Each structure stands twice: as structure tokens, then as C-alpha cells.
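1. Show me the folded form of this:
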Amino acid sequence: MTETLRAPATWRPSPPATWPKDGKATRIFDYATILFAAGFMFHNVDHLRRGVNAVTHEVLIEGTLLSILSITAIGLVIARHRLAPMFAMVVGFIGAPGVAAVHLLPTWSAFSDSFPSGHVDNISWAAAISEVVALFLFGCAGLYVRRRDRALLAS
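-> Model (predicted):
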């Protein structure tokens with residue numbers, strides 16, 4: 001009996017069995033998550049810069065809820081949890097119109113921190129718009145991953 005010696009295989013951590021198998025979709029999702037995290041941080045740092053007292057209690061509460069959901073969504077992507085794409089869709093597709101309604105529309109209720117009223121500078125505009133775009137792209141990336149994963153499972 002002759003035994004052949006093999007070089008030791010390099011160990012690579014494998015993604016969880018429930019994580020999408022499509023590498024392209026995963027990369028797109030990762031990039032969208034990074035973009036979303038940057039937009040999220042930019043917007044929230046701007047709120048700290050303007051001061052917490054610059055918004056109503058209602059806006060503060062809804063912003064806090066969105067922040068909790070956003071941090072959870074980013075954490076799920078980092079952890080490669082199977083629910084990350086679905087969570088990204090929910091956060092992205094609800095958060096984008098929500099942030100836009102709060103900041104980009106004229107004052108409509110206590111849930112409004114209307115930028116068109118003229119009380120903010122260009123940094124605040126850029127921060128809000130960047131988060132709206134990043135939220136939408138994050139939701140689209142989650143949808144893309146879900147569809148690609150289902151297409152791979154069907155074939």
C-alpha cells in the first residue's frame with residue numbers, strides 16, 4: 001500500500017448553509033450594506049451636530065426606532081444570518097420613504113423635521129438625501145439577493 005502525501009488544504013471559513021450561495025449577489029449586498037452604514041452614520045452625526053433639541057419628540061422616537069432596526073440589519077449582514085436580505089428589504093423600503101417624508105417634505109405634522117422650511121444647511125440636506133438613497137439601495141440589494149437565491153434553488 002502506498003500512500004500519497006498531499007499538501008494540507010487551506011482552510012477557508014464557509015458561509016452558513018442558509019446564506020445565499022451566489023458570490024456576486026453577496027458582494028453586491030456587502031457593498032450596499034457598507035454604503036448604507038455610511039449614509040446612516042452621516043445622517044445621525046448630522047443630527048448630533050444640529051442638537052437633539054432640534055427635532056420634536058415624535059421625530060426623535062421614530063429616528064431611534066429606525067436606528068435600532070438599521071443597526072440590527074447591518075448586524076445580520078455581518079453575521080451572515082439567513083434573514084438579512086429580508087430584513088434589508090423591510091428596513092430599506094420602509095426607511096427610505098420614511099426619512100424622505102420626515103425631512104424632504106414641507107412640514108405636515110409633529111412627525112416632520114422639514115428641511116424646505118430653511119432651518120438647516122447643505123450638510124443636513126446631503127446627510128438626509130444620502131441616507132434615503134442608501135436605504136433604498138440597501139432594500140434593492142436585499143431583494144436582489146432573495147431573488148438570486150430563489151433562482152438558484154429552483155434550478
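
2. only C-alpha atoms for contact and neighbour calcs from this point on.
-> Noted.

3. Going by neighbour count, list what's buried in stretch 19-35.
-> The neighbour-count criterion (16 or more other CA atoms under 10 Å) identifies 19, 20, 21, 25, 26, 28, 29, 30, 32, 33, 35 as the buried residues of stretch 19-35.

4. contact partners of it?
-> Here stretch 19-35 makes contact (CA atoms under 8 Å, 6 or more residues apart in numbering) with 74, 77, 80-82, 134, 137-138, 141-142, 144-146, 148-149, 152.

5. Kindly report the same for stretch 94-107.
-> 59, 66, 111-117, 128-129, 131-133, 135-136.

6. quick one on the thing from earlier: farthest pair within the contacts of stretch 19-35?
-> Spatial extent of the contacts of stretch 19-35 (CA to CA) is set by the pair 134 and 152 at 26.6 Å.

7. which of the two has more neighbours?
-> residue 134 (24 against 12; other CA atoms under 10 Å).

8. Closest to residue 44 out of the contacts of stretch 19-35?
-> For those, the nearest to residue 44 is residue 134 (13.4 Å; CA to CA).
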